[in-house]
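> coords below, sequence missing:
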């Protein structure tokens, strides 16, 4: 049997996924991370993007997170997501709409919206669209 | 027939009150279910966060983050969580009692105190009572958002970073069950170490990109998540305390009504008896 590590994905609102996995892929701030069991302890920030968990029977499950923290212990991986929703549930239209809104807000810098907030929203929306495209491509 | 009419009026007014308390009980019961679900849903995050922090305090990091270093205590910060509304039994009073007791113990040793009240009741309480209020948050509603809290938490975190306060405590109700809510004091900063024996050997994390930035973000999120969890839990406590308080008010109203009805019937009977004896006396006189 393949070696596994315990993975917990939680967001402030709820527990997203918890169980044993043979491999975890996460969008670290310094680049994509692939985490196998017995990985050395590591702490990093995550940027918006897709977290992929490979279960014991080799199938992948995807989740979208909009940033957060990742802690790795040799036998435990914890992803503290700011918000995480099931990637399969993502509504592409809604994501694109949010992206457009953010872009409009960025062009209209005089509006009430803070510029920094707008660019953060844009990055998030772009990552969301990217994730959806990736998932679509795999099918 | 003296008294009977007044008693009837009283019964009527108590019945009206009972209707209100009954309605409040039912509203609180349905809100309680939602609040409890919310509390359960956000618990894993707070727990996992505590785990990570516990691991972190075991690591032999090359730099010690200021949030993890114990220092001499000259000034202490409190975040006191209460409800926005009253009529929920002794819920808020218990928290304030605990707060006062905790503060007094510190005050006697010459330590000064800063407070951030969360919830209207706590805001009002610290207006009447001593305690240096540095920020406040209220009117969070039944489903609070973490964004509403970040501001007031940041005030405390900045004070800690600048060395204005040397400890940060969170006082709120913990939800034991529907009947029991326990006011508890939680020390958030400095982060106290855990005693996990499996991690005793010498090790440290790899930090990406660098340890300062990561720890800043992580510890800030830790404090925020603990306060948020405290607030969410307090709402569940508030709703169940209100439900219980309103239930006992309704029951009390029932008792009073049945007592008053006995008194009313007695008064009515006495009046009838008197009337009969008057008629009989009148008839025999003729």
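Nice, I can see it. Please read these numbers as outputs of a predicted model, since none were measured by experiment.
> so which helix or strand takes in residue B:48?
helix B:4-58 (DSSP states H and E).
> I'd like the next helix or strand past that helix.
Scanning forward in sequence from helix B:4-58 by DSSP H and E, the next helix or strand is strand B:75-81.
> mind checking how far that following strand is from the chain centre?
The chain centroid and the centroid of strand B:75-81 are separated by 15 Å, computed with CA atoms, centre = their mean, to the nearest Å.
> Direction included, what does that strand pair up with?
Under the criterion DSSP bridges, strand B:75-81 sits next to strand B:112-118 (parallel), strand B:167-175 (parallel) in its sheet.
> Who is residue B:181 paired with across the strands?
residue B:175.
> Next up, the contacts around it.
Going by CB atoms under 8 Å, 6 or more residues apart in numbering or on different chains, residue B:181 touches B:91, B:94, B:173, B:174, B:175, B:237, B:240, B:241. Where C-beta positions appear, they are placed from N, C-alpha and C, glycine not excepted.
> Check which residues of the longest helix seen in chain A are buried.
Ranked by number of residues, the top helix in chain A under DSSP state H is helix A:115-138. Going by neighbour count (16 or more other CB atoms under 10 Å in any protein chain shown), the buried part of helix A:115-138 is A:118, A:121-132, A:135.
> Select the helix or strand of chain A having the lowest average pLDDT value.
Least confident element among the helices and strands of chain A, by mean pLDDT, DSSP states H and E: strand A:84-86 (a mean of 53).
> Let me know the closest of the buried residues of helix A:115-138 to chain B.
Nearest to chain B out of the buried residues of helix A:115-138 is residue A:121 (CB to the nearest CB; 13.7 Å).
> Check the gap between that closest one and residue B:230 for me.
With distances taken as CB to CB, to the nearest Å, residue A:121 is found 29 Å from residue B:230.
> who touches the residue nearest to residue A:54 when sequence neighbours are not counted in this structure?
Take residue A:54 and drop its neighbours on the chain: the residue closest to it by CB to CB, 6 or more residues apart in numbering or on different chains is residue A:23, 4.0 Å away. By CB under 8 Å, 6+ apart, the contact set of residue A:23 is A:34, A:35, A:36, A:53, A:54.
> gap between residue A:23 and residue B:277?
On the measure of CB to CB, residue A:23 and residue B:277 end up 98 Å apart.
> on that earlier part again, make JSON lines from the contacts of residue A:23 and add pLDDT and neighbour count to it.
As requested, those are exported to JSON lines (pLDDT from 0 to 100; neighbours: other CB atoms under 10 Å in any protein chain shown):
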{"residue": "A:34", "pLDDT": "92", "neighbour count": "11"}
{"residue": "A:35", "pLDDT": "92", "neighbour count": "19"}
{"residue": "A:36", "pLDDT": "91", "neighbour count": "14"}
{"residue": "A:53", "pLDDT": "93", "neighbour count": "24"}
{"residue": "A:54", "pLDDT": "92", "neighbour count": "19"}
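> Just flag the most distant two among those residues.
Across the contacts of residue A:23, the longest distance by CB to CB is 12.5 Å; it joins A:36 and A:53.
> Run through the bridge partners of the spatially most central residue of chain A.
With distances taken as CA atoms, centre = their mean, chain A has residue A:65 as the residue nearest its mean C-alpha position (3.0 Å). Beta-bridge pairing for residue A:65 (DSSP bridges): residue A:49, residue A:84.
> I figured it hits residue A:52, correct?
No - checked against CB atoms under 8 Å, the pair residue A:65 and residue A:52 is beyond contact range at 11.1 Å.
> neighbours around residue B:182, how many?
For residue B:182, the neighbour count with other CB atoms under 10 Å in any protein chain shown is 12.
> pLDDT at it, what is it?
Model confidence at residue B:182, expressed as pLDDT, equals 92.
> Kindly report the same for residue A:92.
66.
> what's the answer for the one 4 residues further on, then?
Residue A:96 is assigned 71 on the pLDDT scale.
> Return the distance of it relative to chain B.
In this view, residue A:96 and chain B are 24 Å apart by CB to the nearest CB, to the nearest Å.
> for residue A:137, same thing?
In terms of CB to the nearest CB, residue A:137 sits 28 Å off from chain B.
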